[in-house]
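> Quick one, fold the following:
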Amino acid sequence: MENQEQTQEQAKLMITPSPHVKDGISTRKIMLTVSVALMPSLIAAIWFFGLRALALTAVCVVFSVLFEYLFNKVTKREQTIGDCSAVVTGIILSFNLPVTLPFWMAAFGSFMAIVVVKCLFGGIGCNFANPAATARVFLLVSFGGQMTTWVAPRGVDAMATATPLTLISTGQTDALPSLWQMLIGQRGGSMGETCAIALIIGGVFLIWRGIIGWEIPVTLIASIFVFALLFGQDPFYAILSGGVMIAAFFMATDYSTSPVTTKGKVVFAIGIGFITMVIRSFCNYPEGMSFAILLMNILTPHIDSLTITKPFGAVFEQKQ
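The predicted model follows:
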């Protein structure tokens, strides 16, 4: 009788790889929380760029959900649109786009993010790269003109459409907006990456709720600051320009594509910061954040394997 009870208790145990769910939180709750954290940036985008920012976001969200639904329908897989991960991908993708981008290109970017990067690799948790970052890279390479066409935000001279990174790369530092304008979003750029304050509010909210850790955001921003100094650039403009803030809080922290270990997260974030500043300083593209995230996503499994903590007393088999 006692052995039978022990067997029944053992049957209740589930042995699974990390990360482990420790409370009642679910993927849906996490994604809804992230969506709430993105709302300040969406409001700022609408304020500075008008209702087309809302329309572009809606296009990305609708097509992201639609493509995930159709893929699961065609392949006869369990429907996963209820976890709201496609909604978050759509919002983040739209934030990485110029507000003037044609809607059909935004829809195509949603297809790349959801079908090619996410679903074809097995769905959420199985993709090796961040869907939004990869889709942005694909759109930038495919439609360079449309992806680098900027409009001036509300309250800025209509002629001042160049991004701060473009001004820095061309030596037009006299035309740079003030640091205050950089903080509140009065600068050229993708519609959801310009208002640093809104992104910081959303990021701090996620850290407070325990959805993300502080390691990647803090390390990434600090590494951009340090490498900017080493490469002879203004560190404050470096961290407030381009997609540093949205990447630090909403893209580099993606559970599926970032390291599990604390040491790995630090190495991962430093790598993103270094690659970003190398691209900004020495390559043709003024911004390199999405490229850096994609490259470090590829290295994530190796970073985890090199930084994994050895269990106390464990003896690993030596390779012959």
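
> Can you find the helix or strand in this protein with the smallest mean pLDDT?
helix 2-11 (a mean of 53; mean pLDDT, DSSP states H and E).

> What are the buried residues along whichever helix or strand comes after that helix?
Using DSSP states H and E, the next helix or strand after helix 2-11 towards the C-terminus is helix 27-49. Neighbour-count burial for helix 27-49 flags 27, 30-31, 33-35, 37-38, 40-42, 44-49 (criterion: 16 or more other CB atoms under 10 Å). For the C-beta atoms, the positions are set from N, CA and C on the backbone; glycine is no exception.

> which residues touch stretch 283-291?
With CB atoms under 8 Å, 6 or more residues apart in numbering as the test, stretch 283-291 has contacts from 96, 133-134, 136-137, 140, 163, 165-166, 168-169, 241-244, 247, 272, 275-280.

> okay, whichever strand or helix holds Phe63 in PDB with CA atoms only?
Assigned by DSSP H and E, Phe63 belongs to helix 51-74. Only the C-alpha atoms of helix 51-74 are listed here, as PDB (Å, rounded to 0.1, in the frame of the first residue of the first chain):
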ATOM      1  CA  LEU A  51      -3.400  58.700 -36.500                       C
ATOM      2  CA  ARG A  52      -1.400  56.900 -39.200                       C
ATOM      3  CA  ALA A  53       0.800  55.600 -36.400                       C
ATOM      4  CA  LEU A  54      -2.300  53.900 -34.900                       C
ATOM      5  CA  ALA A  55      -3.300  52.600 -38.400                       C
ATOM      6  CA  LEU A  56       0.100  51.100 -39.100                       C
ATOM      7  CA  THR A  57       0.100  49.400 -35.700                       C
ATOM      8  CA  ALA A  58      -3.300  48.000 -36.300                       C
ATOM      9  CA  VAL A  59      -2.200  46.600 -39.700                       C
ATOM     10  CA  CYS A  60       0.800  44.900 -38.200                       C
ATOM     11  CA  VAL A  61      -1.300  43.400 -35.300                       C
ATOM     12  CA  VAL A  62      -4.200  42.300 -37.500                       C
ATOM     13  CA  PHE A  63      -2.000  40.600 -40.100                       C
ATOM     14  CA  SER A  64       0.300  39.000 -37.400                       C
ATOM     15  CA  VAL A  65      -2.700  37.400 -35.800                       C
ATOM     16  CA  LEU A  66      -4.200  36.500 -39.100                       C
ATOM     17  CA  PHE A  67      -1.000  34.800 -40.400                       C
ATOM     18  CA  GLU A  68      -0.600  32.800 -37.200                       C
ATOM     19  CA  TYR A  69      -4.300  31.700 -37.400                       C
ATOM     20  CA  LEU A  70      -4.000  30.700 -41.100                       C
ATOM     21  CA  PHE A  71      -0.700  28.900 -40.600                       C
ATOM     22  CA  ASN A  72      -2.100  26.800 -37.700                       C
ATOM     23  CA  LYS A  73      -5.300  26.200 -39.700                       C
ATOM     24  CA  VAL A  74      -3.500  25.000 -42.800                       C
END
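
> pLDDT on the helix or strand that comes right after that helix, on average?
Per DSSP H and E, the first helix or strand lying C-terminal to helix 51-74 is helix 85-95. Averaged across helix 85-95, pLDDT comes to 94.

> tell me which residues of the helix holding Phe63 are tucked away?
52-54, 56-57, 59-61, 63-68, 71-72.

> Report the inter-axis angle for it versus helix 27-49.
150 degrees (axes from the mean of the first three to the mean of the last three CA atoms, to 10 degrees).

> who does helix 51-74 touch, helix- and strand-wise?
Here helix 51-74 touches helix 27-49, helix 85-95, helix 103-111, going by 3 or more CB pairs under 8 Å, 6 or more residues apart in numbering; DSSP states H and E.

> The shortest one vs helix 85-95, what angle?
In other words, helix 103-111. 130 degrees.

> how close does the residue nearest the centre of the chain get to Thr89?
Closest to where the C-alpha atoms of the chain average out (CA atoms, centre = their mean) is Met251, at 1.4 Å. As judged by CB to CB, to the nearest Å, Met251 and Thr89 stand 10 Å apart.

> still on that earlier bit, how far does the helix holding Phe63 sit from its chain's centre?
18 Å (CA atoms, centre = their mean, to the nearest Å).

> Also stretch 190-205?
That offset, for stretch 190-205, works out to 12 Å (CA atoms, centre = their mean).
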